[in-house]
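[1] below are the sequence and a predicted model for it; my questions follow.
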Protein chains: 2
Amino acid sequence: MNGARSLVKTLIASGVDVCFANPGTSEMHFVAALDAEQDMRAVLGLFEGVVTGAADGYARMAGKPACTLLHLGPGLGNGLANLHNARRAQVPLVNIVGEHATYHRHLDAPLTSDIESIARGVSGWIHVCEDAQSVAADGARAVAASYGPPGQVATLILPADTAWESSGVPADPVTPCSPALPSSERVEEIARTLHAAGSSAVLLLNGSALSEEGVALAGRIAAATGVRLFRDTFVARVTRGPGRGHVSRLPYFGEQVVEVLDGVQHLVTVGTKAPVSFFAYPGKPGELTPDGCSVHCLAEPEEDGRGALAALVEALDAGKIAPAVETEQRPPLPTGALTPEAIAQALAHLLPEHAIVMAEAATAGRPIYSALRASAPHDWLDLTGGAIGQGMPAATGAAVACPERKVISLEADGSGMYTLQALWTQAREELDVTTVIFSNRRYAILEMEYHRVGVGAPSERAKSLFDLSRPDLDWVQLARGMGVDGARATTAEEFSRELARGLGEGGPYLIEAAL
Amino acid sequence: MNGARSLVKTLIASGVDVCFANPGTSEMHFVAALDAEQDMRAVLGLFEGVVTGAADGYARMAGKPACTLLHLGPGLGNGLANLHNARRAQVPLVNIVGEHATYHRHLDAPLTSDIESIARGVSGWIHVCEDAQSVAADGARAVAASYGPPGQVATLILPADTAWESSGVPADPVTPCSPALPSSERVEEIARTLHAAGSSAVLLLNGSALSEEGVALAGRIAAATGVRLFRDTFVARVTRGPGRGHVSRLPYFGEQVVEVLDGVQHLVTVGTKAPVSFFAYPGKPGELTPDGCSVHCLAEPEEDGRGALAALVEALDAGKIAPAVETEQRPPLPTGALTPEAIAQALAHLLPEHAIVMAEAATAGRPIYSALRASAPHDWLDLTGGAIGQGMPAATGAAVACPERKVISLEADGSGMYTLQALWTQAREELDVTTVIFSNRRYAILEMEYHRVGVGAPSERAKSLFDLSRPDLDWVQLARGMGVDGARATTAEEFSRELARGLGEGGPYLIEAAL
């Protein structure tokens, strides 16, 4: 069998059975292997940013990697921004990039480029396959590497001849490393600190500490000690809603973080680092830990955050303490003008049980996180790396991972335009995704940031670079152009009606919320 | 003045007066400088692939660089594929990438990435600015570097504090290097070879050898010696039509190149290299120069191809020889079914004088190049680096460079979906671009390539990865969603009518040609 087929067989045996793809000529043998090995699902994206973002969203919900199939350096480049986001989400992802045949590279044909250099910054692991015989074993190592810990992008560069030569040998799956637990000394020291500190301490959570079990464990610790629970501003996934504990979100702007953490004496990190400002601003601090506050690491990102919380519960003898949990509270449907608050209220009223909410709604989406706090059990996914254009692709991948769950994709108009091609994949795969476009027709965050960096008020020229009108985008036409039905809502009542309609459909639907 | 303002002043003084931009927070001081310095035009693209592709198309037509303004590593990643194409086009391009403040990078905030590593493969020159005082001089060096020779992407990485600190000093423009001429020995040796070889010799042209003057000089050489004229398969720009000489295009597939060059004894390259296969295929050659054929270099890509041809004309004493030129020939309008040939015929009938034709129509566009040979004087631009998604952005940039000329954007549906956001910029800037989408609803080239790599016939699974139906794309709705009017044509008559309408508009128009 050829290298490609041995690789696909090995990926399937290793649990990788979804391939998000946009192949080219150099990937044709891999495509033929997908033809032959029917246990891997192949999902086409019409742009590589869709492919990589979908693999990220898939991994967040499936807890295991999908593979991509990208065409040479430019295909990788097109997918790079969402690989950056996946890297920051610390999800497992097997990133397969086709390459010219080994003996063709030196000819410098037009599509030749330095693929490793492009891949380096987003990949925790990179390997260039050398021959067909070792391709499958390389693939098994890529899967293992993708699990980290923490999860990471493992990039496998696949020269065409290593795919087509007939010396392929399927390989046994390689076992990924398990994340380590913190030492008992570290756990006990933090237990003592929390006992003494009470509400002047904060637990800052990310990674597996935000799983359903992790949040429940953190809730026990909070009940036992009075420590307050926070999560990073942007996380890959957090489990929320009635029956689950509440974890506060650190705000986006540095000065707000400073305010929220004012008076905190002990910051305990679990699966994350002490908070820093998203951007630098003239005269403002980059490190946001309050002066005089001690930072304690319970678990590094590469360690077992959930397990560390379990150990801390034990050290605190808090296993029998019932954590505080939310009880279901739903607001009435909103009426009147369509505002971000009205959208949040409608979502809180209508949110289906166990929905997946992919949030890339930027400024207009801010009221939603707290509005959904007690509406229905759900998973909330953030834009993790700040590279806009993650939302619709990640929603697509999440829907592939969880066909039985409703996906709600909250998308800013400016961010949505980056990877709108995701709607086509949602239509082709009949994915159950309701998209809400927050159509304020501007990069509103940049209007704010222009003021915040201290350059005064923007004149017409600068404003034109933040403005998405002239011409107005018509998202309903864009969606229909890709086979997704939708409607525009201009009042709270229209929005609620369209949201109910979208949530009632079994497939994709788009609502342009005119703000 | 701050660093950003000193930089923008210096760019303008160096002739760089168009900025294709999609800025973020770290670029706000540059945006403020654009507000203050009104001699630089700022053009917003809703995705960075539009920004970089537009800068490529602009440079091809303006003969000088535009600058980009990109947001950190992910913004650069999104623009990377079209920077790859620009690199292969050998156009000058000043690629400005914002970066976190120098003192913020070590905090590893979410958007932090290794920008230099991403930029390396596409950039002939890279520099990370160190302080505000030297930013303007860095910018002047970037402009000079972008001219090469040959033209190249010069990437200037601009940490936010080097833009905002107040120690900026405008710098004098730096003079770019002129390309060198080949030695007179080389020219005379080639002159002797061509005299002896006659029609068993071929001149293979690219770069400035394909300018109006270059083609005229090559025509004199052909008339004097019998040498046949070819151009590379993909070129940044070639001047064609009535009153100009004809240069044959090397075909795309390697076996066709071998056929076309069969019997050639001497291959003389001018501004290019000997031909190689675009991809490797099992059992097929990568180097396409015929066995026994000698390759002679008249001018390397970094040398002065047009000047080398002038020297060769002189060595051949051919300055008074009239080159063969095309005389205007226009076919009648086509009737009946809408085929690629009918589209080519309608274009040949209706082509306006001095149009710019950006060709990314892939398989369906093949009849057009020869059909336009004698229809009207025009410039023809190819997809140069094989990274699809170049056409609509480059057409956008060409229209910015040449507001008095009609731009015709020939676009495959699969390629067009990569960077469809370009249509919005065409609408906002009221650019005179008529787009023809060759809507065959598949990646037809991949169907061919699947056969060519020798893996048999694709089954349903592989076919689904080449297929752009299920659902069908509706390009008229997509265009209207971005403010560009358009129509779908299903017959030759409808297509001709819509083409005439589009060419008669002063702004953008899109025709979906249903094949």
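    That came in fine, so what should we check first? Numbers count the residues shown, from 1 in each chain, chains lettered A, B, ... in the order given.
[2] show me which residues of the stretch 401-515 of chain A sit near chain B.
    Counting by C-beta under 8 Å from any C-beta of the partner chain, the positions of the stretch 401-515 of chain A adjacent to chain B are A:414, A:417-418, A:420-421, A:424, A:427-428, A:445-446, A:449-450, A:452-453, A:455-456, A:458-459, A:461-462, A:464-465, A:467-468, A:470-478, A:480-483. (C-beta placed from N, C-alpha, C; glycine too.)
[3] what's the average pLDDT for stretch A:183-197?
    What stretch A:183-197 shows for mean pLDDT is 97.
[4] beyond the longest helix seen in chain A, next helix or strand please.
    Longest among the helix segments of chain A by residue count, using DSSP state H, is helix A:72-89. As assigned by DSSP states H and E, the chain's next helix or strand after helix A:72-89 is strand A:93-99.
[5] neighbours of residue A:293, how many?
    Residue A:293 has 17 neighbours, counted by other C-beta atoms under 10 Å in any protein chain shown.
[6] isn't it up against residue A:268?
    No: the criterion here is C-beta atoms under 8 Å, and residue A:293 misses it with residue A:268 at 10.6 Å.
[7] and the most far-flung residue of chain A relative to its centre, its phi and psi?
    Largest separation from the mean C-alpha position in chain A: residue A:107, at 38.7 Å (C-alpha atoms, centre = their mean). The phi/psi pair for residue A:107 (degrees, to the nearest 10) reads phi -80, psi -10.
[8] pretty sure it is touching residue B:286, no?
    Yes: with contact defined as C-beta under 8 Å, residue A:107 reaches residue B:286; the gap is 5.3 Å.
[9] okay, and the common contacts of the two?
    Common neighbours of residue A:107 and residue B:286, counting by C-beta atoms under 8 Å, 6 or more residues apart in numbering or on different chains, are B:276-277.
[10] then the helix or strand harbouring residue A:426 to PDB, C-alphas only?
    Applying DSSP H and E as the criterion places residue A:426 in helix A:422-428. C-alpha atoms of helix A:422-428 as PDB (Å, rounded to 0.1, in the frame of the first residue of the first chain):
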ATOM      1  CA  ALA A 422     -17.800  28.500   6.600                       C
ATOM      2  CA  LEU A 423     -21.500  29.000   5.900                       C
ATOM      3  CA  TRP A 424     -21.100  26.900   2.800                       C
ATOM      4  CA  THR A 425     -19.700  23.900   4.700                       C
ATOM      5  CA  GLN A 426     -22.500  24.300   7.300                       C
ATOM      6  CA  ALA A 427     -25.000  24.000   4.400                       C
ATOM      7  CA  ARG A 428     -23.300  21.100   2.700                       C
END
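[11] on contacts alone, who are the packing partners of it?
    strand A:41-44, helix A:48-62, helix A:391-401, strand A:433-439 (3 or more C-beta pairs under 8 Å, 6 or more residues apart in numbering or on different chains; DSSP states H and E).
[12] is the longest helix of chain A in proximity to chain B?
    Yes: using C-beta under 8 Å from any C-beta, helix A:72-89 comes into contact with chain B via A:73-75, A:77-78, A:80-81, A:84-85, A:88.
[13] with just CA atoms, put that helix into CSV.
    Extracted as CSV, the C-alpha positions of helix A:72-89 are listed here (Å, rounded to 0.1, in the frame of the first residue of the first chain):
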residue,chain,number,x,y,z
LEU,A,72,1.5,23.5,0.5
GLY,A,73,2.8,26.7,2.1
PRO,A,74,0.1,29.0,0.8
GLY,A,75,-2.7,26.7,2.0
LEU,A,76,-1.0,26.6,5.4
GLY,A,77,-0.7,30.4,5.3
ASN,A,78,-4.4,30.7,4.7
GLY,A,79,-5.1,28.5,7.7
LEU,A,80,-2.4,30.1,9.9
ALA,A,81,-4.6,32.6,11.8
ASN,A,82,-7.0,29.8,13.0
LEU,A,83,-4.0,27.6,13.8
HIS,A,84,-2.8,30.5,16.0
ASN,A,85,-6.1,30.5,17.7
ALA,A,86,-6.0,26.7,18.1
ARG,A,87,-2.5,27.0,19.6
ARG,A,88,-3.9,29.4,22.2
ALA,A,89,-6.8,27.1,22.8
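[14] count the residues that sit near residue A:179.
    With other C-beta under 10 Å as criterion, residue A:179 counts 23.
[15] to clarify, my last question referred to residue A:327.
    There are 7 residues near residue A:327, going by other C-beta under 10 Å.
[16] one more: the one 3 residues further on?
    Using other C-beta under 10 Å, residue A:330 has 14 other residues around it.
[17] now residue A:23: how far from residue B:353?
    41 Å (C-beta to C-beta, to the nearest Å).
[18] run through the residues that contact residue A:32.
    Each residue near residue A:32 by C-beta under 8 Å, 6+ apart is listed here: A:4-5, B:450, B:455-456, B:458, B:462.
[19] so the strand or helix carrying it versus strand A:93-99, what angle?
    Assigned by DSSP H and E, residue A:32 belongs to helix A:28-36. Angle of helix A:28-36 versus strand A:93-99, following axes from the mean of the first three to the mean of the last three C-alpha atoms, to 10 degrees, is 130 degrees.
[20] chain B contacts on the stretch 251-400 of chain A?
    Near chain B, when you scan the stretch 251-400 of chain A using C-beta under 8 Å from any C-beta, you find A:273, A:276-280, A:282, A:286-287, A:384-387, A:389.
[21] now list the buried members of those.
    A:273, A:276-280, A:286, A:384-387, A:389 (16 or more other C-beta atoms under 10 Å in any protein chain shown).
[22] can you tell me how far residue A:330 sits from residue A:375?
    6 Å.
[23] try residue A:231
    In terms of C-beta to C-beta, residue A:231 sits 18 Å off from residue A:375.
[24] now the residue most central in space within chain A. Nearest residue, chain neighbours left out?
    Central residue of chain A (C-alpha atoms, centre = their mean): residue A:236, 4.4 Å from the mean position. In space, and not counting its chain neighbours, residue A:236 is closest to residue A:89: 3.7 Å by C-beta to C-beta, 6 or more residues apart in numbering or on different chains.
[25] how about that neighbour, what does it touch?
    A:56, A:59-60, A:151, A:236, A:384-385.
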